[in-house]
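**Q** Sequence and predicted structure are below.
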Amino acid sequence: MALSIFKKLARGLSRTRESIASTLGGLGSEAAVDEETLEDLEAGLLAADLGPELTAEVIEAVREQTATDGSAVAAVRSTLRAALGQEQTCERWSSPHVVFVVGVNGGGKTTTVGKLAALEREAGRKAMIVAADTFRAAAIEQLERWSERSGAELVKQREGADPAAVVFDALKAATSRGIDTVLVDTAGRLHTKVNLMAELEKLGRIAAREVEGAPHEVLLVVDATTGQNGLTQAQEFTRAAELTGVVLTKLDGTAKGGVALVIQRKLGVPVRYVGVGEGLDDLLAFDPDAYVEGLLAV
Ligand SMILES: Nc1nc2c(ncn2[C@@H]2O[C@H](COP(=O)(O)OP(=O)(O)O)[C@@H](O)[C@H]2O)c(=O)[nH]1
Ligand SMILES: [Mg+2]
């Protein structure tokens, strides 16, 4: 890996950081912070898509801290850090460990599946990619390339095939071939009138019949460039599947990276990974400390 994970994250957050860090400079270390500076900070936090609630909390914390001679920057840091909670991982207890990747079209599901396959491979595990988005032939071709690049096996059928049949076949094969991790790419849209959420529930039931406890993880892909607006759409998925985590993609292309801070609050699930580019090694395990430093560091 050419760049350290911290540097990659910091680079991915550079556009978001611009709105926050420039106003932080104005806070300095002196006790009194004037109203104008607070207004600038508020505007910067809103522009980074931290949302009105968390922004108000930060401003309040800065007021309190500076009233007692505390550091304004430290107040910002601790409020943001508290909003993120602890770093999350998922215990692996079954082989294969089955992961569903879900979310709206264009968010980065297929790309994330490919990058996750690369992470699995790096960890020394045997991965299988499952092309359960049969809506477009292009999605299957995209996964063929990711399979080659990551060295993960691919299970696919023709365009328009029943996703449930693809998942069923894949899990049978994974079990007999000793696969460690199965990564299932799902559709953001369907050929038939079948409701997308009903289809996801069905895929979950099929998986549970084939592998105990499956799916062990359901990762919701959220496009960071849509910011707070994207979260409303994402909330639909919390009703169809028991989400275990969020993958926040395209952090590198947006100034709205602050949305990571509101995800847990709005969707009730932690951010587990962030996407910072289109390459094989552009998916990072989410580290709350590094994230906050990446937002504030100058
Ligand atoms: N810059 C950037 N682009 C990404 C990232 N993740 C996905 N993409 C791009 O977003 C587009 C849609 O991704 P895709 O995986 O096909 O989305 P899907 O429809 O949810 O499967 C593609 O052009 C990807 O290369 C990311 O983290 N950063
Ligand atoms: Mg796709």
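**A** Structure received. Ligands and ions are numbered 1, 2, ... in the order given.

**Q** Every contact and neighbour count from this point should use C-alpha atoms.
**A** Will do.

**Q** Phi, psi for the most centrally placed residue in the chain please.
**A** Centroid-nearest residue in the chain, with C-alpha atoms, centre = their mean: Val247, separated by 1.3 Å. The phi and psi values for Val247, taken as degrees, to the nearest 10, are phi -110, psi 120.

**Q** ok so Ala74 is a helix residue?
**A** Yes - in this structure, Ala74 lies within a helix as judged by DSSP: H, G, I helix; E, B strand; the rest coil.

**Q** tell me the pLDDT at it?
**A** Note on Ala74: pLDDT of 90.

**Q** Excluding residues flanking it in the chain, which one is nearest Ile206?
**A** Closest residue to Ile206 apart from its sequence neighbours, by C-alpha to C-alpha, 6 or more residues apart in numbering: Phe168 at 6.5 Å.

**Q** just checking, what packs against the host helix or strand of Arg265?
**A** Assigned by DSSP states H and E, Arg265 belongs to helix 260-267. Contacts defined by 3 or more C-alpha pairs under 8 Å, 6 or more residues apart in numbering; DSSP states H and E place helix 260-267 against helix 72-84, helix 227-240, strand 271-275.

**Q** Quickly, which of the ones you listed bottoms out on average pLDDT?
**A** Among these, helix 227-240 scores lowest, with a mean of 87.

**Q** tell me which residues of that helix are tucked away?
**A** Gly227, Gln228, Gly230, Leu231, Ala234, Phe237, Thr238, Ala240 (16 or more other C-alpha atoms under 10 Å).

**Q** what's the angle from the longest helix belonging to the chain to helix 72-84?
**A** Assignment by DSSP state H gives helix 51-67 as the longest helix of the chain. Angle of helix 51-67 versus helix 72-84, following axes from the mean of the first three to the mean of the last three C-alpha atoms, to 10 degrees, is 140 degrees.

**Q** Relative to ligand 1, how far out is the closest residue to Glu57 other than its chain neighbours?
**A** Using C-alpha to C-alpha, 6+ apart and skipping the chain neighbours, the partner closest in space to Glu57 is Thr79 (7.3 Å). Distance, Thr79 to ligand 1, by C-alpha to the nearest ligand atom, to the nearest Å: 26 Å.

**Q** can you give me the helices in the chain?
**A** 5-12, 14-27, 35-47, 51-67, 72-84, 109-122, 137-150, 163-177, 196-210, 227-240, 260-267, 288-296.

**Q** can you give me how far stretch 247-254 is from the chain middle?
**A** Distance of stretch 247-254 from the chain centroid (C-alpha atoms, centre = their mean, to the nearest Å) equals 8 Å.
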